[in-house]
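Colleague: How does the following fold in three dimensions:
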Amino acid sequence: MSDLYDDQNSINGQQGADSGQSAVPQQPNDPQQNSYAGQPQYNSPQQTSFTAQQQAQYTAQHSADYSYHSAAQQAPVRKKQKSHTALKVIAFVLSLVIVGAGSVQFYKFWDDSKIQVTEEDEPVIENIQSREIASAVKDGSVPASPPPKNLPSLFDIAARTDAKQLPDIVDEIMPSVIGVSSTFEIVEPYTTWGWGGFQTETRKRTAVGTGTGIIMTDDGYIVTNAHCVYDDEYNAGEAVDVSVQFSDESKHSAKIIAYDTETDIAVLKIDAANLTPATFGNSDDLRVGELVIAVGNPLGFELFGSVTSGIVSALNRKISINEKNMTLIQTDAAINQGNSGGPLLNSCGQVIGINSAKMSSSYGSASVEGLGFAIPINEAKTIVDDLIYNGYVTGKPQIGISGEDVTEAYSAYTGIPMGVRVRAVSEGSAAEQAGIRPGDVIIAIQDEAITTMDELNKVKNQYKAGDTITLKICRNNEDMDVTLTLQDANADKAGKKTGTESATESDE
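Modeller: Below you'll find the predicted structure:
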């Protein structure tokens with residue numbers, strides 16, 4: 001440390017000599033004046049006495065050449081440089097201006113590059129990616145492109161080329177749609193206590209169901225669903241009274257001509273004339289995705305003539321409703337309770353189906369909606385003609401037996417094979433003519449093994465009256481083949497269940 005300060009004083013002394021003044025060291029060593037908090041004192045190389053005036057003059061001239069440092073200091077204090085903040089701000093602003101001007105010029109160049117000149121020197125804008133068209137070309141303006149055309153509606157997409165307007169279709173069909181009201185008698189058993197102990201008695205109650213129908217002829221023939229006039233859910237059977245209501249709220253009593261529960265078709269007749277029949281189309285011309293309209297009376301006559309629309313979701317859909325196998329049209333048009341028996345129309349206003357059921361099944365917490373079904377009108381026409389002229393559906397095959405199912409447990413107990421055991425054979429039936437006897441067990445039909453009456457009927461119903469089939473039966477522990485010709489379910493079952501072999505419970 002002492003070497004550092006001695007060198008500094010030597011330099012200061014040299015500077016003083018160069019300036020024409022004597023290189024005189026600091027004031028004489030005075031502990032009171034030159035010491036700092038007990039720090040060591042340093043003396044200049046020479047000790048010279050000064051007057052007060054000389055000391056003041058010397059100090060003023062050479063104060064910048066002398067510095068006093070504490071022992072803790074390692075280097076002399078240097079002068080702080082200026083930050084030049086104003087110059088930095090100005091430079092930053094200028095850079096922003098330059099960048100902005102360059103961006104504008106680049107955008108103009110890019111925008112102009114999208115404009116081409118045709119042979120007529122007219123500007124044509126191509127490949128415009130933004131929604132706004134450049135607004136200045138040559139004369140300062142470019143005509144805006146025409147607005148996009150309206151997107152086609154569902155009616156335009158799904159309707160036929162010769163389609164009618166929906167309001168016109170509704171106006172035409174509404175006089176041909178009627179409401180069906182059926183009264184049923186339900187017999188309910190109940191138990192009472194009397195002098196002889198518990199006794200079982202029955203009581204009757206009435207229930208009313210509503211549906212929809214379609215006028216087929218101007219003299220009063222109406223088609224509807226069989227379940228609108230015949231109940232097999234509560235075993236009420238055929239309705240005891242049926243009436244119909246028109247859109248003008250006029251009512252007529254109706255007569256049941258006939259019905260077929262397997263195809264769910266029924267025919268009614270009212271005494272009236274000059275009615276407006278519906279126009280029937282060809283269901284074979286339907287396509288999946290085609291527009292359809294459903295008309296009916298959902299939830300009763302309070303919503304008489306409700307109209308819904310949708311598309312054909314599927315054709316020839318094979319489903320089972322109330323244990324009956326049916327081939328139906330599937331649609332997403334809303335079909336609710338009360339719509340049964342109403343028309344399903346194409347976009348030309350023609351009836352192409354008879355609404356038969358609306359299924360809504362629940363799987364867990366999910367509910368399935370939009371599943372409506374209709375009987376194809378081409379199939380319904382044949383059935384309707386049979387019901388009107390014959391009272392039953394012709395061509396349905398019949399074997400002519402009644403029987404019971406041989407279960408697995410019963411088979412293990414008795415030793416007879418699983419199948420359908422014949423309990424009775426109808427006189428003059430195909431089974432009698434083929435030599436089938438009571439006690440025989442039918443174990444196969446057309447080489448397809450069966451174990452229940454339902455399985456037997458399912459295979460049999462794939463054929464029609466007059467077809468020849470082969471049954472395999474077990475008699476006295478021996479298997480044999482029997483060939484028979486299916487008969488038509490005849491007139492003694494007119495208007496009732498036809499074409500289904502009856503099954504009875506075993507009483508053994």
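
Colleague: and M326, how many neighbours?
Modeller: 18 (other CB atoms under 10 Å). C-beta here means a position set from N, CA and C on the backbone, and glycine is covered the same way.

Colleague: ugh, wrong one, V177
Modeller: 24.

Colleague: which residues does it contact?
Modeller: Contact analysis of V177 by CB atoms under 8 Å, 6 or more residues apart in numbering lists T212, G213, I214, I215, S247, A278, V295, G296, G305, G342, P343.

Colleague: ok, those vs G179, which is closest?
Modeller: Relative to G179, the closest of the contacts of V177 is T212; by CB to CB it sits at 6.3 Å.

Colleague: what residues are up against that closest one?
Modeller: 177-180, 224, 295-297, 338-342, 355.

Colleague: Can you flag the buried ones in the residues you listed?
Modeller: For those, a burial check counting by 16 or more other CB atoms under 10 Å picks out 177-180, 224, 295-297, 338-342, 355.

Colleague: any chance of those in TSV, with pLDDT, distance to S153 and secondary structure too?
Modeller: Shown next, in TSV, are those (pLDDT from 0 to 100; distance: CB to CB, whole Å; DSSP: H, G, I helix; E, B strand; the rest coil):
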residue	pLDDT	distance to S153	secondary structure
V177	96	25	strand
I178	96	31	strand
G179	96	31	strand
V180	96	34	strand
T224	97	33	strand
V295	96	20	strand
G296	94	24	strand
N297	92	27	coil
G338	87	28	coil
N339	90	24	coil
S340	91	29	coil
G341	95	30	coil
G342	95	24	coil
N355	94	24	strand
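
Colleague: can I get the residues you listed in TSV with distance to M480?
Modeller: Converted to TSV, the buried ones among the contacts of T212 look like this (distance: CB to CB, whole Å):
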residue	distance to M480
V177	56
I178	55
G179	55
V180	50
T224	46
V295	55
G296	53
N297	55
G338	52
N339	51
S340	46
G341	47
G342	51
N355	47
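
Colleague: what residues does the one helix or strand K318 maps to touch?
Modeller: K318 belongs to strand 306-321 when assigned by DSSP states H and E. Strand 306-321 is contacted from outside by 154, 158, 166, 170, 264, 286-298, 325-335, 339, 356-357, 359, 370, 372-373, using CB under 8 Å, 6+ apart.

Colleague: Got a ChimeraX select line for the buried ones in those?
Modeller: Buried members of these, defined by 16+ other CB under 10 Å, are picked up in ChimeraX with:
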select :158,166,170,264,286,290,291,292,293,294,295,296,297,298,326,328,329,330,331,332,333,334,335,339,356,357,372,373
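
Colleague: So what's the residue count around S153?
Modeller: When counting by other CB under 10 Å, one arrives at 9 neighbours for S153.

Colleague: Next one: it from L291, what distance?
Modeller: Counting by CB to CB, to the nearest Å, the separation of S153 from L291 is 10 Å.

Colleague: any weak-confidence spans in the protein?
Modeller: Low-confidence segments of the chain (pLDDT under 70): 1-84, 99-152, 154-155, 321-323, 357-368, 490-508.

Colleague: domains of it?
Modeller: 2-65, 157-391, 397-503 (automatic domain parsing).

Colleague: wait, which of these is closest to V97?
Modeller: domain 2-65 (44.8 Å).

Colleague: Who does D481 form a beta bridge with?
Modeller: Per DSSP bridges, residues listed as beta-bridge partners of D481: K472.

Colleague: Distance check, it against P417.
Modeller: 15 Å.

Colleague: In contact with the closest residue to P376 other than its chain neighbours, which residues?
Modeller: Take P376 and drop its neighbours on the chain: the residue closest to it by CB to CB, 6 or more residues apart in numbering is S283, 3.9 Å away. Counting by CB under 8 Å, 6+ apart, S283 makes contact with I329, I352, G353, P376, I377, N378, E379.

Colleague: ok, and the most crowded of those residues?
Modeller: G353 (28 neighbours).

Colleague: which element is it on?
Modeller: G353 belongs to strand 351-358 when assigned by DSSP H and E.

Colleague: So which elements touch that strand?
Modeller: strand 197-215, strand 291-296, strand 324-331, strand 343-346, strand 372-376, helix 377-389 (3 or more CB pairs under 8 Å, 6 or more residues apart in numbering; DSSP states H and E).

Colleague: gap between the nearest residue to G372 once chain neighbours are set aside and P298?
Modeller: Of all residues not flanking G372 in the chain, I335 sits nearest, at 3.6 Å (CB to CB, 6+ apart). Taken as CB to CB, the spacing of I335 relative to P298 amounts to 8 Å.

Colleague: what do you get for A444?
Modeller: Distance, A444 to P298, using CB to CB: 46 Å.

Colleague: What of N282?
Modeller: 27 Å.

Colleague: same question, V180
Modeller: Relative to P298, V180 is positioned 13 Å away (CB to CB).

Colleague: again, but for I265
Modeller: Separation of I265 from P298 (CB to CB) stands at 21 Å.

Colleague: One more: A430?
Modeller: 44 Å.

Colleague: And K318, by the same measure?
Modeller: 26 Å.

Colleague: What count of nearby residues applies to V97?
Modeller: Other residues near V97 come to 10 when the count uses other CB under 10 Å.

Colleague: Same check on M480?
Modeller: 12.

Colleague: give the contact list for the closest residue to it other than its chain neighbours.
Modeller: Closest residue to M480 apart from its sequence neighbours, by CB to CB, 6+ apart: I473 at 6.0 Å. Shown in contact with I473 (CB under 8 Å, 6+ apart): I436, D440, V441, I442, I443, D479, M480, D481, V482.
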